[in-house]
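**Student:** dropping the sequence and predicted coords here.
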Amino acid sequence: MLSLLCFFALLFWLYSSWGSPHPQQQHRYRIKTSPCPAARNQRKPAWVKEAIIKLKAESNLSCYKLAATFNQLYAAEKGVTVGKTFVAETVRAHAYEIGQLRERWKRQRPKPMPRNTIWAIDMTGKGDQQGHQHPILGILDHGSRMALALLTLRDRSSLTLLKWLIATIETYGKPKVIRTDNEACFTSKRFTLALRLLGIRHQRTQPGHPWQNGRVERLFGTMKEKLDQLEVPHLSSLQCALAEFQFWYNQIRPHQHLNGWTPRDAWQGRDPYLCIPCRCRSRSSDAAGASWSRYPMVRQPSPGLGIRRPRRCNWHWPGGTAGWPCWSRAKQNP
């Protein structure tokens, strides 16, 4: 009987020791708990939605690219990131506000600015019938919207760019600021050092924000709209077409944001509603020694800013000359 009781006591001890660990070993069986992470669905600050609405109105990017752009701008600075789902929901909920913001920006007139304050510089390209792509340099004055330079380049190197920039400065004066994008020729050490020596401040747009240099981009849009209607066989024909377009853009086409003035009127400070234009004889010769006359211009053109027109254009207008401005059919003086 005693042995039976000892046997049951031993079984009970084995069962209790197997079911509950030793007090010194209880920490081995504890579940380690970490602090509860922040909720992922917490409400974003109000400025996040405003920034997304503004970016969408400016760029019209897709939700994925819009989320990536927002994270590049504010992740390191503000510590806030967004996903494409949140961007899609925000854009869908504020579609009306985005449309109203675009309409307001479209109708907004920029503040007047004196000339030679800011120059916008950019480069584009135009191909000819032989399949060669020719780089084109455009320099625009912000205050007067005048195309100071519109010409083809040999290459996209910073040395070639500086050559024509200095030539433009010698003709029109030195600006205070030059605004460019982030192309390699604009971010090179040679170009940056040259602007520093000239005493010109260099402004660069943010990557992926071409609208920050929108005035010269708008010039290129108007230029390509006209040049795409031409058949350009070779480089000299392209140079001729650019010279005629620059003349039409600066002296004939009235600008909406200049209250109907032409860029040349705004550059010279001449009110076309007070000064009566006349047909005057303006002689200026190009490299070929051509002379052109009788254009509706100002009464006394400023010296050094004469009309430059090539002697002969070897390009073909597909639909005749009816769609091109009348000055393209002007006769050459003997």
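**Tutor:** Great, that's in hand.
**Student:** please count neighbours and contacts with C-alpha atoms only from this point.
**Tutor:** Will do.
**Student:** so T124 sits in a strand?
**Tutor:** Yes: counting by DSSP: H, G, I helix; E, B strand; the rest coil, T124 falls inside a strand.
**Student:** any idea what it is bridged to?
**Tutor:** Assessed by DSSP bridges, T124 has beta-bridge partners I136.
**Student:** pull the number of nearby residues for it.
**Tutor:** 15 (other CA atoms under 10 Å).
**Student:** quick one, what contacts it?
**Tutor:** T124 sits next to 135-137, 220 when contact means CA atoms under 8 Å, 6 or more residues apart in numbering.
**Student:** next: K226.
**Tutor:** Taking CA under 8 Å, 6+ apart, one finds nothing in contact with K226.
**Student:** now for the helix or strand hosting K56, which elements pack on it?
**Tutor:** Per DSSP states H and E: K56 is located in helix 46-59. Applying 3 or more CA pairs under 8 Å, 6 or more residues apart in numbering; DSSP states H and E, we find helix 46-59 packed against helix 63-78, helix 84-93, helix 95-107.
**Student:** can you give me the strands for the stretch 201-334 of the chain?
**Tutor:** Using DSSP state E, counting those that start in this stretch, the strands of the stretch 201-334 of the chain run over 201-204, 278-280, 295-297.
**Student:** by mean pLDDT, show me the worst of those strands.
**Tutor:** Ranked by mean pLDDT, these end with strand 295-297 in last place, scoring a mean of 37.
**Student:** related to what we said a few turns ago, tell me the angle the helix holding K56 makes with helix 95-107.
**Tutor:** Angle, helix 46-59 to helix 95-107, by axes from the mean of the first three to the mean of the last three CA atoms, to 10 degrees: 50 degrees.
**Student:** buried ones in helix 46-59?
**Tutor:** Residues of helix 46-59 classed as buried: 48-49, 52-58 (neighbour count, 16 or more other CA atoms under 10 Å).
**Student:** what do you get for stretch 176-187?
**Tutor:** In stretch 176-187, counting by 16+ other CA under 10 Å, buried: 177-182, 185-186.
**Student:** same deal with stretch 90-109?
**Tutor:** Using 16+ other CA under 10 Å, the residues of stretch 90-109 that count as buried are 90-91, 98, 101.
**Student:** and those as TSV, adding pLDDT and distance to Y64?
**Tutor:** Shown next, in TSV, are these (pLDDT from 0 to 100; distance: CA to CA, whole Å):
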residue	pLDDT	distance to Y64
T90	93	13
V91	93	12
I98	93	18
L101	90	21
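**Student:** dump the residues you listed to a markdown table, plus distance to V232.
**Tutor:** Below are the buried residues of stretch 90-109 laid out as a markdown table (distance: CA to CA, whole Å):
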| residue | distance to V232 |
| --- | --- |
| T90 | 47 |
| V91 | 43 |
| I98 | 41 |
| L101 | 40 |
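**Student:** between these, which is closest to N116?
**Tutor:** L101 (30.5 Å; CA to CA).
**Student:** and that closest one, what is it in contact with?
**Tutor:** Per CA under 8 Å, 6+ apart, neighbours of L101: 54, 57.
**Student:** where does it sit relative to I52, distance-wise?
**Tutor:** Distance, L101 to I52, using CA to CA, to the nearest Å: 12 Å.
**Student:** then K106?
**Tutor:** Using CA to CA, K106 is found at 19 Å from I52.
**Student:** for I98, same thing?
**Tutor:** Distance, I98 to I52, by CA to CA: 10 Å.
**Student:** what do those two both touch?
**Tutor:** Both I98 and I52 are in contact with V91, where contact means CA under 8 Å, 6+ apart.
**Student:** now do the same for the residue nearest the centre of the chain: its pLDDT.
**Tutor:** Residue closest to the average C-alpha location in the chain (CA atoms, centre = their mean): P210, at 1.9 Å. Per-residue confidence (pLDDT) for P210: 84.
**Student:** what's the closest non-adjacent residue to it?
**Tutor:** Leaving out its chain neighbours, the residue that sits closest to P210 by CA to CA, 6 or more residues apart in numbering is D181, at 7.4 Å.
**Student:** wait, what's in contact with the one you found?
**Tutor:** Neighbouring residues of D181 by CA under 8 Å, 6+ apart: 122, 204-207, 210, 213.
**Student:** can you check the pLDDT for it?
**Tutor:** Here the pLDDT value assigned to D181 is 92.
**Student:** residue numbering should commence at 377 henceforth.
**Tutor:** Right, with 377 as the first residue, what we last looked at is D557.
**Student:** so of the buried residues of stretch 552-563, which ones are in helices?
**Tutor:** Judged by DSSP state H, the buried residues of stretch 552-563 include 561-562 as members of helices.
**Student:** that concludes my questions; thank you for your assistance.
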